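*Asks:* Fold the following.
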Amino acid sequence: MQVPAAGASSYAPPAAQATPGLPPAKTAADTARADFMAYAHMTPAEKMRAAILGNMGLTEEQLRAMDPKERQKIEDKIKALIRQQVEQSVEKKTGLAVDLKV
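*Replies:* Numbers count the residues shown, from 1 in each chain. Below is the predicted model of the structure:
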């Protein structure tokens, strides 16, 4: 176990512990926050696309790196799956009874 020097706090924020002249390292919390904010700003279609790519085990970067023919096959599959999900969500709402008395 390390003991902090006299007057030093072991609970200093990461920026305070960074080496002078160098930018502070990103913490897991910073990365998680950035990932969450990126996801929060996505449209519903972008969220669906990200989920489908994740289920396929792919990232946008991997998809961009593919040869055009293989990429087009995957893009077509993504479009079909999104269309299917949208149609299913619309079908579920058809005939839905709602009580408007509050």
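*Asks:* for the protein, which spans come out with low pLDDT?
*Replies:* Residues of the chain meeting the criterion pLDDT under 70: 1-25, 91-102.
*Asks:* Give me the longest helix you can find in it.
*Replies:* helix 68-93 (DSSP state H).
*Asks:* What is it packed up against?
*Replies:* Contact here means 3 or more Cβ pairs under 8 Å, 6 or more residues apart in numbering; DSSP states H and E; on that basis helix 68-93 packs against helix 44-56, helix 60-65. Glycine gets a C-beta too; all of them are placed from N, C-alpha and C.
*Asks:* from those helices, which stretch is densest packed?
*Replies:* Most buried of those by mean neighbour count (mean count of other Cβ atoms under 10 Å) is helix 44-56; its value is a mean of 13.
*Asks:* now the angle from that helix to helix 68-93?
*Replies:* Going by axes from the mean of the first three to the mean of the last three Cα atoms, to 10 degrees, helix 44-56 is angled at 120 degrees with respect to helix 68-93.
*Asks:* Identify all contacting residues around helix 44-56.
*Replies:* 39, 42, 59-60, 63, 74, 78, 81-82, 85 (Cβ atoms under 8 Å, 6 or more residues apart in numbering).
*Asks:* hmm, which two among those residues are most spread apart?
*Replies:* Tyr39 and Ile74 (21.1 Å; Cβ to Cβ).
*Asks:* Which one's more surrounded, the two?
*Replies:* Neighbours were counted for Tyr39 and for Ile74 using other Cβ atoms under 10 Å; Ile74 has more, 16 against 11.
*Asks:* what sits against the more buried one?
*Replies:* Ile74 is in contact with 56, 58, 63, 66, counting by Cβ under 8 Å, 6+ apart.
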